[in-house]
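Undergrad: here is my input, please return the structure:
(one chain, ligands or ions: 1)
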Amino acid sequence: MTSDNLSGRKLYEKIGSPKTVLAPMVDHSELAWRVLSRRYGAELCFTPMFHARLFATDEKYRKKMWGDMDGDPEKDRPLVVQFCANDPDYLLQAAKLVEDRCDAVDLNLGCPQGIARKGHYGAFLMDDWDLVYKLINKLHKNLKCAVTAKIRVYDDWEKSLEYAKMVLSAGAQFITIHGRTRDMKGQKTGLANWNILRYLRDNLPKDQVFFANGNILYPSDLKRCTDEVNCDAVMSAEGNLYNPGVFWTKDNDKEKQFPRVDKLLREYFEIVKECSGEASRVAMKSHFFKLMYEFLNVHKELRPIIGRTSVSAPFEEWEKIVQQVEEIVAKIYEKEDIEKLDQITDGPTEAWGGHYKKVPYWRCQPYFRTVNGEKQNMRELEVAASNKRKNEIEEEDRKKVKVSAA
Ligand SMILES: Cc1cc2nc3c(=O)[nH]c(=O)nc-3n(C[C@H](O)[C@H](O)[C@H](O)COP(=O)(O)O)c2cc1C
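TA: As a prediction, the model looks like this:
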């Protein structure tokens, strides 16, 4: 670690002790989205994962991913820049290019996709601890800013703990733990396990800066997660994509926690127009679809219009879509009984300790992935690293019985 670097806890305090963290998301946590998310309560943001070798060697790739405004001290801090890598030299070369415009550089150890398997990075480095150590340590020893890491868990709790300890011993200053295993993706995403996160938190040094990731649907889940895991901050990805208001905890203002799609779309669109750089522009179409997910299930006529509008179409074309949404929602608010219709209500308490909410379709709300025709989270789902631990406890109990019987 170089001299102007700070220890994890001091750095955390220096950047304002953030409690809410926008997750790194390929093609989705780019500058414009970060600006919007910060307005709705994200206190720390991660960039999308950048490919370290390409970032270091391919200027075209770098310019596409990292524009003049990224990391701007006024608009885009605190910021963690995330890379995937499997070569310490390329990683350092890439990180050096951003070290003056961010607060930390993060190593992605969580990506479970086929492309990461093929490229030997992300969660597939969980099989190569030696390389993980070298990657983190290289940055720790040579970078001006801090290095951090984002990991997944194994089914085995002890192994997860040893892994986290190794990552920290290499020099990671903050650790983010996504409470799902590497196999939990796509149809098998299931639920993150906050119990294993609590176990890891309790068994790592008390002063360790610890971010929990997984299962955030509503603003109220942030406190539940913080209390259950005893973490410093909570990171959200999908919850934020479908509703940036998920980070709003200052009060219960529904305009902030479950914003109207017309207002949010307009606000986001105006931000994109002000953001230089290709990434914000390219990501806009996907964000339109996600922000309006429920709304488009009702106003299906808008889907093909957005679908056929090119990401590089002039802003005037996108303006027409935004206006169309504004007109539709304006009509909804002309209804006589709108006050009654515009309520957000709680459902019963579920087995997982929280409850689902009924949110009007013209407001941003969480997305429930459909698996085999059923909405996920609406039924019992596989919980990461739960069976393994249960089996281990049973085995330990069996051994104890044997010993006492002997
Ligand atoms: C669209 C999308 C892109 C993602 N890209 C990245 C990434 O670049 N780096 C990373 O570490 N995780 C990435 N993830 C994983 C998230 O950061 C997060 O760990 C995961 O979605 C679990 O959090 P959630 O339950 O709040 O969604 C991505 C997730 C989504 C939905």
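
Undergrad: as a check, name the ranges of all strands in the stretch 201-350 of the chain.
TA: Using DSSP state E, counting those that start in this stretch, the strands found in the stretch 201-350 of the chain span residues 209-213, 233-236, 345-346.

Undergrad: do the same with the stretch 51-200 of the chain
TA: Going by DSSP E, counting those that start in this stretch, the stretch 51-200 of the chain shows strands at 79-84, 104-109, 146-152, 174-178.

Undergrad: can I get those in a markdown table including distance to the ligand and mean pLDDT?
TA: For every residue, glycine as well, the C-beta is placed using N, CA and C. Listed next are the strands of the stretch 51-200 of the chain as a markdown table, based on distance: least, C-beta to the nearest ligand atom, whole Å; pLDDT from 0 to 100:
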| stretch | distance to the ligand | mean pLDDT |
| --- | --- | --- |
| strand 79-84 | 6 | 98 |
| strand 104-109 | 4 | 98 |
| strand 146-152 | 5 | 98 |
| strand 174-178 | 4 | 98 |
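
Undergrad: who wins for proximity to residue 6 among these?
TA: Closest to residue 6 of these, according to C-beta to C-beta: strand 146-152, at 6.8 Å.

Undergrad: surely residue 26 is in contact with residue 51?
TA: No: using C-beta atoms under 8 Å, residue 26 is not in contact with residue 51; the gap is 9.9 Å.

Undergrad: of these two, who's got more company?
TA: residue 51 (22 against 18; other C-beta atoms under 10 Å).

Undergrad: isn't that one up against residue 83?
TA: Yes: Residue 51 lies in contact with residue 83 (C-beta under 8 Å); the separation is 7.3 Å.

Undergrad: now the strands of the stretch 51-200 of the chain in TSV, with distance to residue 247 and mean neighbour count?
TA: Formatted as TSV, the strands of the stretch 51-200 of the chain follow (distance: least, C-beta to C-beta, whole Å; neighbours: other C-beta atoms under 10 Å):
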stretch	distance to residue 247	mean neighbour count
strand 79-84	16	26
strand 104-109	19	28
strand 146-152	18	27
strand 174-178	16	26
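
Undergrad: residue 45 is in what secondary structure piece?
TA: Under the criterion of DSSP states H and E, residue 45 resides in strand 44-51.

Undergrad: give the buried residues for that strand.
TA: Within strand 44-51, the residues that count as buried by 16 or more other C-beta atoms under 10 Å are 44-51.

Undergrad: relative orientation of it and strand 146-152 in degrees?
TA: With axes from the mean of the first three to the mean of the last three C-alpha atoms, to 10 degrees defining the directions, strand 44-51 sits at 80 degrees from strand 146-152.

Undergrad: what's around residue 284, how many residues?
TA: Neighbour count of residue 284, defined by other C-beta under 10 Å: 24.

Undergrad: do the same with residue 92
TA: Around residue 92 sit 20 other residues, with neighbours defined as other C-beta under 10 Å.

Undergrad: ok, it - contacts?
TA: Contact analysis of residue 92 by C-beta atoms under 8 Å, 6 or more residues apart in numbering lists 138-139, 142-143.

Undergrad: how about 10 Å then?
TA: Going by C-beta atoms under 10 Å, 6 or more residues apart in numbering, residue 92 touches 52, 56, 85, 99, 105, 135, 138-139, 141-143.

Undergrad: distance to residue 235 for the strands of the stretch 51-200 of the chain - can I get that in a markdown table?
TA: Shown next, in a markdown table, are these (distance: least, C-beta to C-beta, whole Å):
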| stretch | distance to residue 235 |
| --- | --- |
| strand 79-84 | 10 |
| strand 104-109 | 11 |
| strand 146-152 | 8 |
| strand 174-178 | 6 |
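
Undergrad: minimum distance to residue 159: which of these has it?
TA: Among these, strand 146-152 comes nearest to residue 159, with 11.7 Å by C-beta to C-beta.

Undergrad: gap between that closest one and the chain center?
TA: Taking C-alpha atoms, centre = their mean, to the nearest Å, one finds the center of strand 146-152 at 13 Å from the center of the full chain.

Undergrad: equivalent analysis for stretch 332-339, please.
TA: 35 Å.

Undergrad: residues making contact with that stretch?
TA: 260, 262, 341-342, 360-362.

Undergrad: rerun that using 7 Å as the cut-off
TA: Residues from elsewhere that reach stretch 332-339, judged by C-beta atoms under 7 Å, 6 or more residues apart in numbering: 341, 362.

Undergrad: buried stuff in that stretch?
TA: For stretch 332-339, using 16+ other C-beta under 10 Å, no residue counts as buried.

Undergrad: kindly report the same for stretch 162-176.
TA: For stretch 162-176, burial by neighbour count (16+ other C-beta under 10 Å) applies to 163-168, 170-176.

Undergrad: the ligand: which of those is nearest?
TA: residue 176 (7.8 Å; C-beta to the nearest ligand atom).

Undergrad: any idea how far the closest residue to residue 72 other than its chain neighbours is from the ligand?
TA: Setting aside the residues directly before and after it, residue 72 is nearest to residue 101 in space (C-beta to C-beta, 6 or more residues apart in numbering), at 7.9 Å. Taking C-beta to the nearest ligand atom, to the nearest Å as the measure, residue 101 and the ligand are separated by 18 Å.
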